[in-house]
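J.: Turn this into a structure:
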Amino acid sequence: MQDPIIKKETDKTDQFPQQISEKGNSNKPEVIIIRNWKEYLGESLLIVFSVGLALILTELINKENEKRQIRELISNVHEELIHNKNEEIKQYNYHLGVLKNIDSALDHSAFANQVINNNEFHIELIAPHGVLYGDLEDVAWQLAKSHNISSSLDIQTLSLLTSIYNDQQKIIKVEDEIGKIILSPDSRKPQNIRLTLLLIRDNYRGWATYRVPDLMEKYQAAINKLSSIN
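T.: Below is the predicted model of the structure:
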């Protein structure tokens, strides 16, 4: 009757090592990768190359954008010169008409007395559309200068453009100069009518009409020059 009992205990003893073995088999193996210095050097060089390539591409893109911007600025100045040339042609013809009206007043006292009458100056009788007539612009030129366009133009072209826009400012200045004459109390005195008309005529000639023929040549030269650049 004791044998079965002993057998049962023996069976338990036999099973115990089996349980330990199964538990031990559940552990996963750990993999360790050993890398040498050549692999680290290769990765470092790849990173340096990637960063360098990105910097080069960025620089190329920036330069191309800068060139595109310069071309656009030059194109805007080119269009502005064409506009101003057409406006100055109209203004020049208008000013010649004003000068004829002044000469007429100088030759006919009755007309002169209409221009200046009862201490009132009727500028509209000699300049029906005002002292100035054209609309000379310089927005594109000022914008181009603020973006250092001079670095993209040769000295001759830059000097030509500077001269053109300086002439434009002098032509526009005729309005201020004639305004000073008209607003002076002495210009309204009957005995000063002729002197006042002469001063107005001389200001038109000195600030505007005498410089226009040369300005027209400058306009065309600059337009041709910028057309070849653009």
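
J.: rest of the way, CA atoms for contacts and neighbours
T.: OK.

J.: so where do the strands sit in this structure?
T.: In the chain, the segments counted as strands under DSSP state E are 116-117, 120-121.

J.: With mean pLDDT added, can I get those in a markdown table?
T.: Formatted as a markdown table, these follow (pLDDT from 0 to 100):
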| stretch | mean pLDDT |
| --- | --- |
| strand 116-117 | 91 |
| strand 120-121 | 92 |
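
J.: Same list, those strands, but as JSON lines with mean neighbour count please.
T.: Output for these, formatted as JSON lines (neighbours: other Cα atoms under 10 Å):
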{"stretch": "strand 116-117", "mean neighbour count": "18"}
{"stretch": "strand 120-121", "mean neighbour count": "16"}
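
J.: Tell me which of these lies nearest to Q91.
T.: strand 120-121 (22.3 Å; Cα to Cα).

J.: Give me the sheet partners of that closest one and which way each runs.
T.: When pairing is defined by DSSP bridges, strand 120-121 lines up against strand 116-117 (antiparallel).

J.: Identify the residues contacting the partner strand?
T.: With contact meaning Cα atoms under 8 Å, 6 or more residues apart in numbering, strand 116-117 is reached by H122, R188, P190, I193.

J.: which residues of the protein score low on pLDDT?
T.: Scanning the chain for pLDDT under 70 picks out 1-40, 62, 65, 230.

J.: can you rerun that using 90?
T.: Residue ranges of the chain with pLDDT under 90: 1-71, 119, 134, 147-152, 188, 228-230.

J.: if we can go back for a sec, between the strands of the chain, which gets nearest to L57?
T.: That would be strand 120-121 among these, by Cα to Cα, at 67.3 Å.

J.: Can you pull up the most central residue in this protein?
T.: L143 (3.8 Å; Cα atoms, centre = their mean).

J.: Nearest spatial neighbour of that one, chain-adjacent residues omitted?
T.: Closest residue in space to L143, ignoring its immediate chain neighbours: L73 at 7.7 Å, by Cα to Cα, 6 or more residues apart in numbering.

J.: Distance-wise, check that neighbour relative to A221.
T.: For L73, the distance to A221 equals 18 Å [Cα to Cα, to the nearest Å].

J.: For the two, indicate the residue with more neighbours.
T.: L73 (20 against 15; other Cα atoms under 10 Å).

J.: wait, that one sits on Q142?
T.: No. With contact defined as Cα atoms under 8 Å, L73 does not reach Q142; the gap is 10.1 Å.

J.: And for I223, the neighbour number?
T.: Based on other Cα under 10 Å, the number of other residues close to I223 is 19.

J.: Kindly spell out which helices and strands sit in contact with the helix of greatest length in the chain.
T.: Taking DSSP state H as the criterion, the chain has its longest helix at helix 37-107. Other helices and strands packing on helix 37-107, by 3 or more Cα pairs under 8 Å, 6 or more residues apart in numbering; DSSP states H and E, are helix 109-115, helix 139-146, helix 193-207, helix 212-229.

J.: ranking those by burial, who's on top?
T.: helix 193-207 (a mean of 18; mean count of other Cα atoms under 10 Å).

J.: I'd like the distance between I47 and I82.
T.: Counting by Cα to Cα - I47 and I82 are separated by 53 Å.

J.: Which one's more surrounded, the two?
T.: Set side by side, I47 and I82 show more neighbours around I82, with 15 against 12, by other Cα under 10 Å.
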